[in-house]
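> pasting the structure only:
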């Protein structure tokens, strides 16, 4: 196979691996899971690490799909006897790849935004001793 096909294939495999590890790290970093630390700050940092893995996965997917599309377009116009103004469309797989890359980047950036603010990092959350309906009003 051509070098650009091998490169695209390698980038997609790397993207799949990063996405798989991003899923695992993000699930561990969710506040609703009991895996790992109980500290919400540590949980949010783990979720941010999962978001970074998703962003890297999206960038690898975007690079692979764009590299392949660029090479296909270049080869089409280089060797084509069809006039330049003829209509040329990409296949649906390229659009699915671009859509998947953009959704992965969006999801990873949303996970990266879950990092706690600096003023809330040391703050602890305590439960009330009584429900609000059991209080007596004087």
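Structure's in. What do you need? Everything quoted here is computed from the prediction, not taken from an experiment.
> got the buried residues for the helix or strand of the chain with the lowest mean pLDDT?
Least confident element among the helices and strands of the chain, by mean pLDDT, DSSP states H and E: helix 40-79 (a mean of 89). Within helix 40-79, the residues that count as buried by 16 or more other CB atoms under 10 Å are 43-66, 68-69, 71. Backbone N, C-alpha and C define where each C-beta goes, glycine included.
> Contacts only, for the nearest residue to residue 63 once chain neighbours are set aside.
Nearest residue to residue 63, sequence neighbours excluded (CB to CB, 6 or more residues apart in numbering): residue 11, at 5.6 Å. By CB atoms under 8 Å, 6 or more residues apart in numbering, the residues touching residue 11 are 60-61, 63-64, 67.
> do residue 30 as well
Residues near residue 30 by CB under 8 Å, 6+ apart: 43, 47.
> just checking, what packs against the least confident helix or strand of the chain?
Secondary-structure packing of helix 40-79 (3 or more CB pairs under 8 Å, 6 or more residues apart in numbering; DSSP states H and E): helix 3-29, helix 92-112.
> separation between the residue lying closest to residue 65 once chain neighbours are set aside and residue 78?
Distance criterion CB to CB, 6+ apart; nearest residue to residue 65, sequence neighbours excluded, is residue 97 at 3.6 Å. Separation of residue 97 from residue 78 (CB to CB, to the nearest Å) stands at 23 Å.
> and if you look at residue 92?
Counting by CB to CB - residue 92 and residue 78 are separated by 24 Å.
> I appreciate the help and will end here.
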